[in-house]
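J.: Have a look; sequence and predicted model below, questions after that.
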Amino acid sequence: DAKTTQPTSMDCAEGRAANLPCNHSTISGNEYVYWYRQIHSQGPQYIIHGLKNNETNEMASLIITEDRKSSTLILPHATLRDTAVYYCIVRVADQAGTALIFGKGTTLSVSS
Amino acid sequence: ETGVTQTPRHLVMGMTNKKSLKCEQHLGHNAMYWYKQSAKKPLELMFVYNFKEQTENNSVPSRFSPECPNSSHLFLHLHTLQPEDSALYLCASSQVSRGRSFDGYTFGSGTRLTVV
């Protein structure tokens, strides 16, 4: 699976958009970009994933650059409950015998 | 509740004890996973089960012994642990289908283990 690079930490004011970047310059054509988050002492939570088109769901939006070498997770109106560690993971579509590998992620702190 | 239930939520055990962690998923998934998260460290994959068969053992010491009796249940049997094994143990499940994008892993809330 391709390696990802994320900033260690970011701050965001409550009510503002949080834009979390992820670099994945070695991504291959059949690898997806997945985002998860982990609120303190809880299990990680799936947020969103995409291949090359931008994606949006009730939690967030995912913007993938045209060359697919980087992406941005957008939380449109951050709340205090969005304070968490956010993980960007690149891998092929799920298949038997593989598993998600987590890096250090970005610690997002939302303050009032 | 996420659909993946882990018990107990907290466990304190001595180094000579034998205990088991339990994970149950109600999502109809066919793959289950154990992860370990030590303080201020990334999640570490321990074991992978697909269709009840163990497909990955990520160099985990033998004092950790997984068991998957059916596709809905996963156990982690613990014996003669060390204090450095104290961590949050997380179970996850997913639906595996070759070559198809999936909706994501569902994690349980974890078992906070303290070895004394």
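T.: Perfect, I can see it now.
J.: show me what contacts the residue positioned nearest the centre of chain B?
T.: With the centre of chain B defined as its mean C-alpha position, the nearest residue by Cα atoms, centre = their mean is B:Trp34, 2.7 Å away. Contacts here follow Cβ atoms under 8 Å, 6 or more residues apart in numbering or on different chains; on that basis B:Trp34 touches B:Cys23, B:Leu45, B:Met46, B:Phe47, B:Pro66, B:Leu74, B:Leu76, B:Tyr89, B:Leu90, B:Cys91. The way it works is simple: take the backbone N, C-alpha and C, and place the C-beta from them, glycine included.
J.: and these as CSV, adding secondary structure, neighbour count and pLDDT?
T.: Formatted as CSV, the entries for the contacts of B:Trp34 read as follows, by DSSP: H, G, I helix; E, B strand; the rest coil; neighbours: other Cβ atoms under 10 Å in any protein chain shown; pLDDT from 0 to 100:
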residue, secondary structure, neighbour count, pLDDT
B:Cys23, strand, 27, 98
B:Leu45, strand, 18, 93
B:Met46, strand, 21, 94
B:Phe47, strand, 24, 93
B:Pro66, strand, 20, 95
B:Leu74, strand, 27, 96
B:Leu76, strand, 23, 97
B:Tyr89, strand, 22, 98
B:Leu90, strand, 26, 97
B:Cys91, strand, 27, 97
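J.: Let me know the closest of these to A:Ala60.
T.: Using Cβ to Cβ, the shortest approach to A:Ala60 within the contacts of B:Trp34 belongs to B:Leu90, at 21.9 Å.
J.: For that closest one, list the residues it contacts.
T.: Shown here is B:Leu90, whose contacts under the criterion Cβ under 8 Å, 6+ apart are A:Gly43, A:Pro44, B:Gln6, B:Trp34, B:Tyr35, B:Lys36, B:Gln37, B:Leu43, B:Phe107, B:Gly108, B:Gly110.
J.: quick one: which two of those residues are the most distant?
T.: Pairwise distances among these were taken by Cβ to Cβ; the largest, 14.4 Å, belongs to B:Gln6 and B:Leu43.
J.: out of the two, which sits in the busier spot?
T.: Counting neighbours by other Cβ atoms under 10 Å in any protein chain shown for B:Gln6 and for B:Leu43 shows that B:Leu43 has the greater number, 25 against 22.
J.: Which residues of chain B lie near chain A?
T.: Contact residues, chain B versus chain A (Cβ under 8 Å from any Cβ of the partner chain): B:2, B:4, B:31, B:33, B:35, B:42-43, B:45, B:48, B:50-51, B:55-56, B:88, B:90, B:92, B:94-110, B:112.
J.: quick one: which of the residues you listed sit in helices?
T.: For the residues of chain B next to chain A, membership in helices holds for none, with DSSP state H as the criterion.
J.: circling back: farthest pair within the contacts of B:Trp34?
T.: Using Cβ to Cβ, the two most remote members of those are B:Cys23 and B:Leu45, lying 14.6 Å apart.
J.: what comes into contact with the helix or strand bottoming out on mean pLDDT in chain B?
T.: Lowest mean confidence among the helices and strands of chain B (mean pLDDT, DSSP states H and E): strand B:53-57, at a mean of 77. Counting by Cβ under 8 Å, 6+ apart, the neighbours of strand B:53-57 from elsewhere in the structure are A:Ala96, A:Gly97, A:Ala99, B:Leu45, B:Met46, B:Phe47, B:Val48, B:Tyr49, B:Pro66, B:Cys68.
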